[in-house]
Every structure is written in structure tokens, then in C-alpha cells.
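>>> Take a look and give me a structure for this.
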Amino acid sequence: MPRFYENKYPEVDSLVMVQVQSIQDMGAYVTLLEYDNIEGMILLSELSRRRIRSVQKLIRVGRNEVVVVMRVDPDKGYIDLSKRRVSAEEVVKCEEQFEKGKSVDSILTQVAKKRGVPVEELYEKVAFPLHRQFGHAYEAFKLSISEPDNVFSSLSIDADTLADLRAVIARRLTPKPVKVRADIEVKCFAYAGIEAIRNALQAGEAVSTEDVQIKVKLVAPPLYVLSTTSTDKVAAVELMEKAVEAIGEKITQEKGDMTVKMKPKVVSETDDAELKALMDQFAQANTDVAGDDDSDEDDE
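Numbering: from 1, shown residues only. Prediction:
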């Protein structure tokens with residue numbers, strides 16, 4: 001991997017992702033994945049807060065590790081690192097940052113291949129300036145999908161490269177629609193039970209917004225399915241939860257009850273296929289019953 005960031009060396013106290021290359025008596029030799037694979041070392045004393053019984057249980061060759069930079073000597077090329085000083089929260093933070101860096105690298109590599117230029121050139125002209133301006137080139141790329149002029153206006157790249165860059169970003173980072181579903185059973189044995197159920201389900205659909213439309217379908221009484229499709233997974237799940245809550249409140253007022261069979265969640269094509277098969281099964285059963293009734297009447 002090339003250098004993800006403008007500085008050749010990481011700053012002291014910064015978190016970095018490394019890959020373990022070898023384990024020696026002094027410690028572990030690693031390469032810094034975000035800094036053009038330059039070499040660093042995790043001293044044996046910096047591997048763990050506890051007494052080390054087996055180095056192999058703490059660190060293995062080929063594995064990626066999150067470490068913190070303790071010392072940097074650019075003249076000698078020494079970088080001393082620590083694994084034991086990194087908290088669990090810092091590991092998550094560094095892993096997220098590393099994934100963003102890999103996404104940027106993947107996009108720039110694809111554009112560089114298409115344009116026939118070194119990827120390092122695109123880092124200099126695109127990633128580093130955007131990183132300075134937006135905190136991370138990944139955040140700039142995401143923003144560029146909706147506000148390209150605000151993001152790219154300051155860059156010094158030719159129109160063809162910019163067009164290719166925008167095309168790859170759109171393909172890689174544009175949110176893909178997901179389907180969110182919830183399964184519920186709604187019952188009401190009061191005098192106006194059917195009307196009460198209808199009103200409750202309509203209360204659920206009424207929670208819909210312009211961006212997230214919730215639809216209710218009958219599978220077979222008393223089972224109903226709520227579904228919606230949205231590019232904002234979190235918002236869709238939250239709105240679906242409100243819809244389920246609205247149905248529950250409404251049917252309770254009507255002396256009925258609701259049971260959640262499946263909480264709102266993102267579903268796959270397999271889940272959808274299973275649901276369709278179930279609905280087809282009930283539809284076929286109803287058709288068979290209707291046909292049997294007709295044949296009985298003919299016999300009479």
C-alpha cells in the first residue's frame with residue numbers, strides 16, 4: 001500500500017495499523033500499512049500489561065495490529081511502537097480510520113489504472129489536499145456525491161481525471177437501497193374487530209415520511225408484514241419501530257393486542273423469497289378451498 005497520509009512518518013502518540021513481519025528476542029518487527037510499509041518495532045515490554053508467558057498468544061506473524069507510536073527517529077528510521085498502551089476503544093477507532101484509508105486507496109488505484117498515472121500522483125493532487133480540508137479524503141469523497149462543486153473546486157486535476165474520479169466514487173460510495181421489514185400479529189375480538197385492526201394498521205402506515213414509505217401487507221390472519229426500502233438503513237429501522245409502536249398503541253385502545261414476531265431489521269433476498277413462498281402457500285390454500293366449495297355445489 002502507498003502512503004495514506006501526507007507526512008512520511010506518523011506523529012508520536014498517534015494510532016497506526018501495522019502488520020507483524022517477524023518476532024525476535026527484542027520484540028516484533030512490523031510494517032506500518034498506512035505509511036508505505038515502513039518498518040517499526042514493538043518492544044517485548046510493550047506487548048502486554050501482563051506478564052508475558054507466550055509471545056505467540058499475544059502477537060502472530062502476518063496479523064494486523066493496532067499500536068500507538070512512542071518514538072520516531074527519521075534520521076535512523078526507527079519507529080518504536082506499543083500494543084499494551086492501546087485501549088479497546090482506540091482499536092475500534094483506528095480500525096475505522098484504516099477502513100476509510102483503504103476505501104480511498106482503492107478508488108484512487110482504480111482511477112490511476114484507467115488514466116495510466118502513478119497512484120502516488122493522485123494522492124498528491126487529490127487525497128492529501130482533501131485530507132487537509134475535510135479531515136479525511138474519505139469524508140470528502142462521500143460529500144462529493146451530493147456536493148461535487150464544494151469538494152472538487154479547489155483541486156488541480158484535469159477534467160477527464162475528475163470525471164473518472166467522480167464515476168468511481170459514485171459507484172463505490174453511493175448508498176445502496178436496503179429493505180427493512182417487521183412481522184406482527186394483530187388480533188381483536190371486539191364487536192368492531194376487523195375495523196379496529198384496519199385502523200391500527202393504517203396508523204402504522206401513517207408514520208411514513210416522504211423518504212421512507214411504510215407498507216402493510218396481510219400474509220394470513222393474524223400475521224401482517226410491514227416493509228419499506230431506503231438508502232438510510234438506520235432511519236428506516238427507527239421509523240419502522242415507530243410504526244410498530246403506533247399499531248400496538250392503536251389496537252390496545254380498541255381492546256385488541258399485537259405480538260411482534262420479527263423486530264424491524266434489514267432483510268435479504270432470501271428472507272423475501274421465504275416470505276413470498278409463505279404468502280403463495282396461503283393463497284394456494286385459499287384457492288383450493290374455494291374450488292372444493294364449487295365442486296360441492298355442482299354435485300348438488
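
>>> Next, count neighbours for the closest residue to residue 176 other than its chain neighbours.
Among residues not flanking residue 176 along the chain, residue 231 sits closest, at 6.9 Å (C-beta to C-beta, 6 or more residues apart in numbering). For the C-beta atoms, the positions are set from N, CA and C on the backbone; glycine is no exception. Residues near residue 231, counting by other C-beta atoms under 10 Å, number 13.

>>> which residues does residue 231 contact?
175-178 (C-beta atoms under 8 Å, 6 or more residues apart in numbering).

>>> quick one: the most centrally placed residue in the chain from residue 179, how far?
Geometric centre of the chain, nearest residue: residue 233, 9.0 Å, by C-alpha atoms, centre = their mean. Computed as C-beta to C-beta, to the nearest Å, the residue 233 to residue 179 distance reads 10 Å.

>>> which residues do the two both contact?
Common contacts of residue 233 and residue 179 (C-beta under 8 Å, 6+ apart): residue 266.

>>> hang on, residue 19 is in a helix, isn't it?
No. Counting by DSSP: H, G, I helix; E, B strand; the rest coil, one finds residue 19 to be strand, located in no helix.

>>> my guess is it meets residue 34, correct?
No. Shown here, residue 19 and residue 34 do not form a contact pair, counting by C-beta atoms under 8 Å, at 10.8 Å.

>>> Give me the more crowded residue out of those two.
Between residue 19 and residue 34, residue 34 has the larger neighbour count (other C-beta under 10 Å), namely 23 against 15.

>>> tell me the phi and psi of the nearest residue to that one once chain neighbours are set aside?
Residue nearest to residue 34 in three dimensions, not counting chain neighbours: residue 4, with 4.2 Å by C-beta to C-beta, 6+ apart. Here is the backbone geometry of residue 4 (degrees, to the nearest 10): phi -70, psi -30.

>>> mind listing what residue 4 touches?
By C-beta under 8 Å, 6+ apart, the contact set of residue 4 is 34-35, 101, 104-105, 127.

>>> how's the protein carved up into domains?
The chain breaks down by automatic domain parsing into domains covering 15-86, 91-173, 178-288.

>>> tell me how far the first one is from the chain's mean position?
Spelled out, it's domain 15-86. 29 Å (C-alpha atoms, centre = their mean, to the nearest Å).

>>> can you check stretch 77-87 too?
Stretch 77-87 sits 29 Å away from the centroid of its parent chain (C-alpha atoms, centre = their mean).

>>> Next: stretch 182-192.
The chain centroid and the centroid of stretch 182-192 are separated by 35 Å, computed with C-alpha atoms, centre = their mean.

>>> For it, list every residue counted as buried.
Going by neighbour count (16 or more other C-beta atoms under 10 Å), the buried part of stretch 182-192 is 182-184, 186, 188.
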